[in-house]
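Student: here's a sequence, model it:
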Amino acid sequence: MDPFDAQRAIATLHSFRFFGLVFILPGVVSPDLPASFAAFAAYGDFATGVLAMLALLTARVRSLFWLFVVAFNLVGVTDLIVDYYHAIQADLPAHAGEFGATYAIPIIYVPLLMITHLSAFYLLLRPQPKMVHSY
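Tutor: Alright, predicted model coming up:
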């Protein structure tokens, strides 16, 4: 797949990171969910999602597109790493029941997000093949 198209597909997945905002909605999650985890996870996901949407909106202006691709991947992977840290510090596995309906996010969605961030970085950092022109 062309790197541009692959990054657009990855940005499309990450544009749904606004789902992380549910971590700060009482009633969806328990109000006892550790705030040290919930707030950072929610707003980090939101920021990543906005940057991914901006990448998609600027796809016709390639220089802006690539800038937003790098930005959403850096912000997103940093968010996930810091979320992992906060989850360990807050002993989140002991509070798994407080996730309520959002339990699927850290179990299914977060690993998918990390894998796609790593794939995006691989695509960004690998040498691009030279185009051969035939005249």
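Student: report the distance from the longest helix anywhere in the chain to the chain centre.
Tutor: Secondary structure of the chain read by DSSP state H shows that its longest helix is helix 62-89. Relative to its chain's centre, helix 62-89 lies at 6 Å (C-alpha atoms, centre = their mean, to the nearest Å).
Student: for that helix, buried residues please.
Tutor: Under the neighbour-count criterion of 16 or more other C-beta atoms under 10 Å, helix 62-89 has 65-66, 68-73, 75-77, 79-80, 83, 86-87 buried. (Each C-beta comes from the backbone N, C-alpha and C, glycine too.)
Student: likewise stretch 34-50?
Tutor: Applying 16+ other C-beta under 10 Å to stretch 34-50 flags Phe37, Ala38, Phe40, Ala41, Ala42, Gly44, Asp45, Phe46, Ala47, Thr48, Gly49, Val50 as buried.
Student: quick one: which of those is nearest to Gln7?
Tutor: Comparing the buried residues of stretch 34-50 against Gln7 with C-beta to C-beta places Thr48 closest, at 14.2 Å.
Student: now that closest one: how far from Asn73?
Tutor: Thr48 is 9 Å from Asn73, where distance means C-beta to C-beta, to the nearest Å.
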